[in-house]
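Trainee: model this:
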Amino acid sequence: MQAALPPPQLQVARTPSWAHYSIKPSPFFDHALAVASSANYGIIGNGRLHLLHTRPQLHVDKIFETQDGLYDVAWSELHEFQLASASGDGSVKLWDTNLKDLPIRAWHEHTRETMSLDWSNLEKDRFLSSSWDGSIRVWTPDRPHSLTALPAHAACVYQASWSPHTPALLASVSADGTLKLFDLRSPFSALPSTPAPPTPKNSASWAPPPVPLAPPTMSVVAHAGEVLTLDWNKYRPMVLATGGVDRAIKVWDARNMSRPAEEGAPLLGHEYAVRRVAWSPHRADLLASASYDMTARVWQTGPNGGVLRMIHDQHTEFVAGCAWSLFEEGVLATCAWDGRVHTFRV
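Mentor: Coordinates of the predicted model:
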């Protein structure tokens, strides 16, 4: 495969010794990015929440230190200066960018690593987390405990995400290979919303939650192996994309989960696992992906499948995160284990 040309208007911010796992743009400020990072590639050690500004050029503006690695971050949809972080010790913390050092609230109910966060853009006082303990929890900043504990999978829930169109609908993907949809208006078996002592990382004693799994609204075996990421299309209410360790990206229509959507013939090209997918907030047919093959790619979906539009190969380690600018069409940000954050125009 030929190397892609350096993308135009590439900006780079360096954070030596920190492996980046996730990057998210602020929904309030067009110049603000947040990056969740871990020391020692997230295997052991501290974490750091990096706050970056894109003007006058991309640079780190502020940092928050944590005692365990960070795997994801989510900006508040309610307060422009607040954001939440997901930690390897199972905790979820809420930060205020106007304050120094310490979180303004912390929760610790997951019994294993917290892998993902997503703040609802419809019910703006709610956000969710997913964990290696197989559960999804729903939170509000004003409560000391989670509102809902959903035993969603019998294995690690790598990512869960609210529908941007239906307030009570969420989707999740897991190490069990499935994509599931849950409607919180339906009855389900919930875990007690009380703190539980954390289980050490990689503990052989871990077991699935000792309660029945919550019945999903829909469920499908999505990939041959672990499913690492998902994202809802911002313009097509029931369309999602998923990526997994099988190196494929698939597009699904939740109205018929028995097979991928017609236009979602697997998007193939990544050489290793797909770690993140992100639909454009400006176009219904544009999808970005990040992979352990050290590239980010941009795809254009259509009636006859998908077309690869761009390969960004300027990182030198696993690319773990990608996110579109919410304010400026065609601007993509990526973060990787090489300690670098890139922004560029597609």
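Trainee: Please name the residues that touch Ala160.
Mentor: 116, 118, 128-130, 136, 152, 170-173 (C-beta atoms under 8 Å, 6 or more residues apart in numbering). Just so you know, the C-beta spots here come from the backbone N, C-alpha and C atoms, and that holds for glycine as well.
Trainee: quick one: which of the residues you listed is nearest Thr229?
Mentor: Val173 (6.7 Å; C-beta to C-beta).
Trainee: wait, which of the contacts of Ala160 is closest to Ser325?
Mentor: Nearest member of those to Ser325, counting by C-beta to C-beta, is Asp118, at 18.3 Å.
Trainee: Spell out which helix or strand contains that closest one, please.
Mentor: strand 114-119 (DSSP states H and E).
Trainee: tell me the average confidence for that strand?
Mentor: The average of the pLDDT scores along strand 114-119 is 98.
Trainee: Need the residues that contact the helix or strand just after it.
Mentor: Downstream of strand 114-119, the next assigned helix or strand under DSSP H and E is strand 127-131. Outside strand 127-131, the residues that touch it by C-beta under 8 Å, 6+ apart are 74, 76, 84, 86, 90, 92, 110-120, 136-140, 152, 156-162, 170, 172.
Trainee: buried subset of the residues you listed?
Mentor: 74, 76, 84, 86, 90, 92, 110-120, 136-139, 152, 156-162, 170, 172 (16 or more other C-beta atoms under 10 Å).
Trainee: so how many other residues sit close to the spatially closest residue to Leu78 that is not a sequence neighbour?
Mentor: Distances taken as C-beta to C-beta, 6 or more residues apart in numbering put Lys124 closest to Leu78, at 4.7 Å, once the chain neighbours are dropped. By other C-beta atoms under 10 Å, the residues close to Lys124 number 13.
Trainee: swap in the one 10 residues further on?
Mentor: Using other C-beta under 10 Å, Gly134 has 27 other residues around it.
Trainee: Contact partners for the closest residue to it other than its chain neighbours?
Mentor: Spatial nearest neighbour of Gly134, chain neighbours left out: His153 (4.9 Å); criterion: C-beta to C-beta, 6+ apart. By C-beta under 8 Å, 6+ apart, His153 lies in contact with 134, 172, 174-176, 178, 180, 213.
Trainee: So His153: helix, strand or coil?
Mentor: Here His153 is coil, with the state taken from DSSP: H, G, I helix; E, B strand; the rest coil.
Trainee: which residues are contacting the host helix or strand of Thr343?
Mentor: For Thr343, the host element (DSSP H and E) is strand 340-345. Outside strand 340-345, the residues within contact range by C-beta under 8 Å, 6+ apart are 7-15, 20, 23, 33, 35, 50, 52, 54, 58, 312, 314-316, 325, 330-335.
Trainee: Narrow those to those in strands?
Mentor: 11-14, 20, 23, 33, 35, 50, 52, 312, 331-335 (DSSP state E).
Trainee: Val220 and Leu179 touch, don't they?
Mentor: Yes - in this structure, Val220 is within contact of Leu179 by C-beta atoms under 8 Å, at 5.4 Å.
Trainee: shared neighbours of these two, anything?
Mentor: 252, 257.
Trainee: Quick one: low-confidence residue ranges for the stretch 51-200 of the chain.
Mentor: Applying pLDDT under 70 to the stretch 51-200 of the chain flags residues 188-200.
Trainee: if we go to 90?
Mentor: For the stretch 51-200 of the chain, the stretches flagged by pLDDT under 90 are 100-101, 185-200.
Trainee: quick one: secondary structure of the nearest residue to Tyr292 once chain neighbours are set aside?
Mentor: What sits nearest to Tyr292 in space, not counting adjacent residues and going by C-beta to C-beta, 6+ apart, is Tyr272, at 3.9 Å. Put simply, Tyr272 is coil when judged by three-state DSSP.
Trainee: got a list of what Tyr272 touches?
Mentor: Contacts of Tyr272 were listed using C-beta under 8 Å, 6+ apart, and they are 247, 291-293.
Trainee: Would you enumerate the residues in contact with Asp118?
Mentor: So Asp118 contacts 74, 127-128, 160-162, 170 (C-beta under 8 Å, 6+ apart).
Trainee: quick one: contacts for the most centrally placed residue in the chain?
Mentor: Nearest to the geometric centre of the chain sits Ser116, at 5.3 Å (C-alpha atoms, centre = their mean). For Ser116, the contact set (C-beta under 8 Å, 6+ apart) comprises 71-72, 86, 129-130, 157-161.
Trainee: Just put the residues you listed in TSV and tack on distance to Val277.
Mentor: Output for the contacts of Ser116, formatted as TSV (distance: C-beta to C-beta, whole Å):
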residue	distance to Val277
Tyr71	17
Asp72	14
Ala86	18
Ser129	19
Ser130	16
Val157	16
Tyr158	12
Gln159	9
Ala160	14
Ser161	11
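Trainee: quick one: which of Val220 and Leu179 has more around it?
Mentor: Neighbours per residue (other C-beta under 10 Å) separate Val220 from Leu179, with Leu179 holding more: 24 against 20.
Trainee: ranges for the helices of the protein?
Mentor: In the chain, no helices are found when defined by DSSP state H.
Trainee: re earlier: close enough to count as contact, the residue nearest to Leu78 and His79?
Mentor: No - the pair Lys124 / His79 is not scored as a contact, 9.3 Å apart, by C-beta under 8 Å.
Trainee: separation between the nearest residue in space to Val341 that is not next to it in sequence and Gly339?
Mentor: Distances taken as C-beta to C-beta, 6+ apart place Ala13 nearest to Val341, at 4.5 Å, with adjacent residues excluded. Look at Ala13 and Gly339: by C-beta to C-beta, to the nearest Å, they are 9 Å apart.
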